[in-house]
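Student: Provided below for reference: sequence and predicted model.
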Amino acid sequence: MKRQLSIIISVLFLMICVLVPAAGLLLGEFGRENAEENRVLAPFPEVRSVEELLDFPEKFGDWFQDHLCFRSPMVKAEAALQLALFGEVQSEKVVFGTERPWLFHRSNDGQPMETYKRTNLFSEEDLDRISENLSAMQGEFAEAGISLVLMISPDKEQVYGDRYMPGFVKRADNQGRTRQLQDRLRETCPELPVVYAADVLRAQRDSGLLYYETDTHWNQAGSMLACRELLKVLDPGFTPAEYHFSETEKIRGDLQKLAGLGDAWRSTELQAEEAPLFTVTDSVQDTNGEIIWEHTVRNDGGGVPLKVYVSGDSFRWNMKRFLEDACCETTVASRYYLDLEDVATAEPDVFVYMIAERYLQELDMIPGYNTMALQR
């Protein structure tokens with residue numbers, strides 16, 4: 001019965017996807033809503049050659065999707081209907097947890113679900129490529145007088161999966177790819193510190209929320225604990241500040257967006273109550289206004305007596321506050337804009353390469369730039 005209802009809903013939604021845009025076209029609304037997006041919409045494809053004719057179906061699909069009026073409310077309406085009938089949304093990108101509003105990531109953006117299920121183990125060749133790349137990277141940083149630290153941000157599934165993951169998601173009986181990589185690096189790169197705070201986060205999860213319920217990322221409380229693990233490597237004798245967290249608002253999580261869920265699925269936001277101990281001296285934004293590079297100094301000149309340069313993905317956002325509080329001088333930049341000439345100019349004592357667990361396969365080619373820039 002459930003399968004039949006799902007088929008009926010899919011057919012009805014397909015009919016709506018045809019009839020509503022047609023009505024919008026007649027009313028002159030086609031594309032008006034999406035024209036407000038901050039990007040160039042796909043143009044209607046021209047056919048002037050055999051090659052363009054062959055590409056027409058795909059390009060027409062891009063044009064139609066970009067100019068589909070009422071797209072956002074239709075996606076939300078379908079999700080609401082599926083929730084009302086089945087208690088969850090049929091999604092290729094999101095798994096509903098056993099308790100609301102917990103969601104988990106299973107899209108093709110990295111391999112979070114495969115990593116959790118331990119079905120994507122590295123081959124020996126994979127491990128060789130990654131360890132060789134990191135070993136070479138460490139060597140060239142060392143020649144420049146810079147210590148290299150690898151920090152792996154745990155996927156939410158690794159911290160909360162055993163508590164909220166539905167029973168149909170089974171885990172293989174092996175150690176998983178992250179432990180695989182850690183073991184290999186201990187053999188081939190024994191001088192390379194690897195920070196992976198999954199065990200610490202699991203041990204502390206009963207003390208309070210550490211990740212957003214409907215988002216892939218850790219919140220400030222979780223990132224603070226991970227930052228402390230990094231600080232143990234940077235300066236084992238340093239005592240970090242104590243923080244108290246309070247709920248400030250509800251935010252729209254990235255998994256909530258992927259599943260087209262309404263405001264009732266917003267995630268809890270926690271903020272440290274204490275004032276920052278640092279001052280931002282310079283920052284750079286991309287074309288969307290996102291800060292991709294930031295330099296800070298601690299106000300009192302104290303803290304860990306090291307210049308630290310962090311290159312990380314989106315997990316860096318919540319952690320940067322606590323690292324900048326702790327270190328006398330810090331640069332935090334997006335790893336997607338990694339510029340080793342900038343690292344060389346900054347002359348840090350420590351370079352921290354920070355990567356989300358679901359992207360570990362990228363470590364065989366990161367940084368992807370000529371590290372000879374460090375020797376200038």
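Tutor: Arrived safely.
Student: can you pull out the helices in the stretch 151-300 of the chain?
Tutor: 156-164, 177-188, 198-204, 220-234, 254-259 (DSSP state H, counting those that start in this stretch).
Student: Contacts for the shortest one next, please.
Tutor: To tie it back to what came earlier, the one meant is helix 254-259. 79, 89, 91, 93-94, 101, 103-105, 107, 214-217, 265-267 (CB atoms under 8 Å, 6 or more residues apart in numbering). In this view, the C-beta of every residue, glycine as well, is placed from N, C-alpha and C.
Student: is it true that residue 127 touches residue 178?
Tutor: No. Judged on CB atoms under 8 Å, residue 127 makes no contact with residue 178 at a distance of 11.9 Å.
Student: correct me, but residue 222 touches residue 202?
Tutor: No. Using CB under 8 Å as the test, residue 222 is too far from residue 202 to be in contact (10.9 Å).
Student: More neighbours: which of the two?
Tutor: residue 222 (28 against 17; other CB atoms under 10 Å).
Student: dump the residue contacts of that one.
Tutor: 159, 201, 209, 210, 211, 318.
Student: Tell me the buried residues in stretch 286-306?
Tutor: 293, 294, 295, 296, 297, 298, 303, 304, 306 (16 or more other CB atoms under 10 Å).
Student: Now do the residue nearest to residue 178 when sequence neighbours are not counted: how many residues are near it, please.
Tutor: With sequence-adjacent residues excluded and distances taken as CB to CB, 6 or more residues apart in numbering, residue 178 is closest to residue 357, at 5.9 Å. Residues near residue 357, counting by other CB under 10 Å, number 24.
Student: if I look at residue 357, how far off is residue 328?
Tutor: 29 Å (CB to CB, to the nearest Å).
Student: can you map out the strands along the stretch 1-150 of the chain?
Tutor: 94-96, 103-105, 147-153 (DSSP state E, counting those that start in this stretch).
Student: Could you export those strands to JSON lines, including columns for mean neighbour count, mean pLDDT and distance to residue 196?
Tutor: Below are those laid out as JSON lines (neighbours: other CB atoms under 10 Å; pLDDT from 0 to 100; distance: least, CB to CB, whole Å):
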{"stretch": "strand 94-96", "mean neighbour count": "23", "mean pLDDT": "93", "distance to residue 196": "23"}
{"stretch": "strand 103-105", "mean neighbour count": "25", "mean pLDDT": "95", "distance to residue 196": "18"}
{"stretch": "strand 147-153", "mean neighbour count": "22", "mean pLDDT": "98", "distance to residue 196": "4"}
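Student: how about the ones you listed, which one is nearest residue 136?
Tutor: strand 147-153 (10.7 Å; CB to CB).
Student: List the residues that contact the closest residue to residue 172 other than its chain neighbours.
Tutor: Of all residues not flanking residue 172 in the chain, residue 118 sits nearest, at 4.2 Å (CB to CB, 6+ apart). Residues in contact with residue 118 (CB under 8 Å, 6+ apart) are 171, 172, 174, 175, 176, 177.
Student: Report pLDDT for residue 118.
Tutor: Looking at residue 118, its pLDDT stands at 97.
Student: Also the one 10 residues further on?
Tutor: Predicted confidence (pLDDT) for residue 128: 97.
Student: Repeat that for residue 337.
Tutor: 87.
Student: again with residue 55
Tutor: 73.
Student: Now for it, how many residues are close by?
Tutor: Neighbours around residue 55, by other CB under 10 Å: 13.
Student: still on that earlier bit, enumerate every residue touching the residue nearest to residue 178.
Tutor: Contacts for residue 357 were tallied using CB under 8 Å, 6+ apart; they are 112, 115, 152, 153, 154, 155, 158, 178, 196.
Student: Try it again at 6 Å.
Tutor: Residue 357 makes contact with 152, 154, 155, 178 under the criterion CB atoms under 6 Å, 6 or more residues apart in numbering.
Student: Pretty sure the third one sits against residue 360.
Tutor: No. The criterion here is CB atoms under 6 Å, and residue 155 misses it with residue 360 at 10.0 Å.
Student: of those two, who's got more company?
Tutor: Taking other CB under 10 Å, residue 155 and residue 360 do not tie; residue 155 has more neighbours (29 against 22).
Student: ok, that one to residue 103 distance?
Tutor: Look at residue 155 and residue 103: by CB to CB, they are 13 Å apart.
Student: give me the low-pLDDT residue ranges for the protein?
Tutor: 1-42, 61-62, 65-91, 367-376 (pLDDT under 70).
Student: How about the secondary structure of the residue positioned nearest the centre of the chain?
Tutor: In the chain, the residue lying closest to the centroid (CA atoms, centre = their mean) is residue 314, at 4.9 Å. Three-state call for residue 314 (DSSP: H, G, I helix; E, B strand; the rest coil): coil.
Student: Could you find the closest non-adjacent residue to it?
Tutor: residue 217 (6.4 Å).
Student: Just give the number of residues close to the one you found.
Tutor: Residue neighbour count, defined by other CB under 10 Å, stands at 22 for residue 217.
Student: ok, residue 133 touching residue 361?
Tutor: No. Using CB under 6 Å as the test, residue 133 is too far from residue 361 to be in contact (11.6 Å).
Student: who touches both of the two?
Tutor: Contacts common to residue 133 and residue 361, judged by CB under 6 Å, 6+ apart, are absent.
Student: quick revisit: can I get the strands of the stretch 1-150 of the chain in a markdown table including distance to residue 228?
Tutor: Output for these, formatted as a markdown table (distance: least, CB to CB, whole Å):
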| stretch | distance to residue 228 |
| --- | --- |
| strand 94-96 | 30 |
| strand 103-105 | 25 |
| strand 147-153 | 12 |
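Student: Can you tell me, leaving aside adjacent residues, what's nearest to residue 60?
Tutor: residue 45 (5.7 Å).
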